[in-house]
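Asker: structure, please.
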Amino acid sequence: MMAGRKTVTAETVEEYGKPYGDYGDGGYVPGDLIEVYDLRQRLRCTIRATKVYIIEFGNIPEEVWRGETFASADEFRECHVRCLPHLHLHDGFEFVTLHFALVDIILP
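Answerer: Numbering: from 1, shown residues only. You can find the predicted model right below:
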């Protein structure tokens, strides 16, 4: 993210709107300025949401798999199956994609 290569993240529709941790509001919309913290709760960077839309697991757009830094839609799917073993990820399963641009890097 801070290198500027990752420009998209995907979350299940069910989880997208939920707040997370002490700092995450959840449910971001285009234009939102988002602070990104590391696992030690240190502010690392600021990003701006540019697009938010729903995709289906069986039809991953190129801008999504490339933005998530995968080499293909198949690699995106394989990784998400491994990372989300508790979910039945079928072709019609929906994810919300959050596209973003790096605004500022906060040095430790």
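Asker: contacts for stretch 43-54?
Answerer: Stretch 43-54 has contacts (Cβ atoms under 8 Å, 6 or more residues apart in numbering) with 1-2, 13, 28-38, 94-106, 108. The way it works is simple: take the backbone N, C-alpha and C, and place the C-beta from them, glycine included.
Asker: okay, and which of those residues map to helices?
Answerer: Secondary structure defined by DSSP state H assigns Val13 of these to helices.
Asker: of the contacts of stretch 43-54, buried ones?
Answerer: Buried subset of the contacts of stretch 43-54 (neighbour count, 16 or more other Cβ atoms under 10 Å): Tyr28, Ile34, Val36, Phe95, Val96, Thr97, Leu98, His99, Phe100, Leu102.
Asker: low-confidence stretches in this structure?
Answerer: Scanning the chain for pLDDT under 70 picks out 1-4, 20-25, 108.
Asker: hey, which helix is longest across it?
Answerer: helix 73-83.
Asker: buried set for that helix?
Answerer: So, applying 16+ other Cβ under 10 Å, buried residues of helix 73-83: Ala73, Phe76, Arg77, His80.
Asker: and it, how far from the chain's centre?
Answerer: Centre-to-centre, helix 73-83 and its host chain are 14 Å apart (Cα atoms, centre = their mean, to the nearest Å).
Asker: what helices and strands are in contact with it?
Answerer: Judged by 3 or more Cβ pairs under 8 Å, 6 or more residues apart in numbering; DSSP states H and E, helix 73-83 is in contact with helix 62-67.
Asker: in this structure, which spans are strands?
Answerer: 8-12, 33-37, 43-56, 94-105 (DSSP state E).
Asker: could I get those strands as a markdown table with distance to Pro85?
Answerer: Shown next, in a markdown table, are the strands of the chain (distance: least, Cβ to Cβ, whole Å):
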| stretch | distance to Pro85 |
| --- | --- |
| strand 8-12 | 13 |
| strand 33-37 | 26 |
| strand 43-56 | 20 |
| strand 94-105 | 16 |
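Asker: out of those, flag the one nearest His88.
Answerer: Checking the strands of the chain against His88 by Cβ to Cβ gives strand 8-12 as the closest, at 11.5 Å.
Asker: and that closest one, which strands flank it?
Answerer: Applying DSSP bridges to the sheet, strand 8-12 is found paired with strand 94-105 (antiparallel).
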